[in-house]
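In: missing the sequence, but the structure's below:
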């Protein structure tokens with residue numbers, strides 16, 4: 001099973017496990033996993049990571065493509081491309097925040113996978129790049145642009161296949177934190193526990209709002225946020241949060 005899911009204390013840890021470099025596998029049911037997390041009201045936040053330290057995800061399985069029988073009919077590219085798109089969308093559209101804990105190189109499709117998370121915490125062993133040009137492929141640049149607002153740099157990295165290391169990514173604002181490799185999961189779980197302690201309905205509405213306003217202008221984006229604020233403020237949990245604030249005590253949320 002190339003993906004493992006562990007849910008505990010309202011936190012879902014999704015782990016890619018496809019040695020040696022966690023290359024994208026056709027049987028990965030990423031969409032099904034993140035859709036199920038959206039439907040599970042006990043889940044308040046997710047962490048996406050991978051096994052080992054050779055790679056977070058090296059993207060497409062180039063060796064499998066190179067060893068494909070030349071006489072065999074080519075696989076339907078439309079199906080594979082659609083599956084890849086929907087996999088990434090399922091992370092972006094997940095009803096709860098998804099923290100990417102990047103344990104090694106995130107390359108090509110693996111970079112797109114990382115960029116689909118809400119934000120990234122990186123091991124010092126993490127690198128980021130688009131090596132497709134060197135293996136006869138394209139793609140992933142638009143997702144890279146979610147992490148890096150300097151589109152000129154995205155273009156250069158796409159044309160040259162050069163990589164950014166973790167500290168360069170931090171300086172550019174692609175990741176929020178860089179930690180020693182053996183401290184990566186604790187750093188991600190520390191954030192996850194903090195998010196899980198917040199109002200469950202508030203976090204889900206915040207995730208929906210942040211996702212929807214990403215490509216809106218300021219006027220329409222703020223208007224959308226106000227509609228979600230109006231929904232949230234009428235909930236029992238919002239009333240409890242305000243009451244707890246006044247009484248200077250921890251709130252007790254019920255999810256209503």
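Out: Sure thing, it's come through. What you are looking at is a predicted structure, and each value in this text was computed from that prediction instead of being measured. Numbers count the residues shown, from 1 in each chain.
In: Confidence-wise, which helix or strand of this structure is lowest on average?
Out: helix 62-66 (a mean of 53; mean pLDDT, DSSP states H and E).
In: How far away from the center of its chain is the helix or strand that that one is followed by?
Out: Using DSSP states H and E, the helix or strand that follows helix 62-66 in sequence is helix 77-92. From the chain centre to the centre of helix 77-92 is a distance of 14 Å (C-alpha atoms, centre = their mean, to the nearest Å).
In: Then stretch 158-178?
Out: 16 Å.
In: same question for it, mean pLDDT?
Out: On average, the pLDDT along stretch 158-178 is 97.
In: Need the contact partners of it.
Out: With contacts defined as C-beta atoms under 8 Å, 6 or more residues apart in numbering, stretch 158-178 is touched by 102, 105, 107, 119-134, 141, 144, 147-150, 153, 156-157, 187. From N, CA and C alone the C-beta is placed, and that goes for glycine too.
In: Restrict those residues to the buried ones and give me that as a PyMOL selection.
Out: Here is the PyMOL command that selects the buried residues among the contacts of stretch 158-178 (16 or more other C-beta atoms under 10 Å):
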select buried, resi 102+105+107+120+121+122+123+125+126+127+128+129+130+131+132+141+144+147+148+157+187
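In: In strands, which of the contacts of stretch 158-178 fall?
Out: Among the contacts of stretch 158-178, the members found in strands (DSSP state E) are 102, 107, 119, 120, 121, 122, 123, 127, 128, 129.
In: Show me the chain divided up by domain.
Out: What automatic domain parsing lists as the domains of the chain is 3-196, 200-247.
In: Can you give me every residue that contacts residue 19?
Out: With the criterion set at C-beta under 8 Å, 6+ apart, residue 19 makes contact with 51, 52.
In: that's a helix at it, yeah?
Out: No. Going by DSSP: H, G, I helix; E, B strand; the rest coil, the assignment for residue 19 is coil, not a helix.
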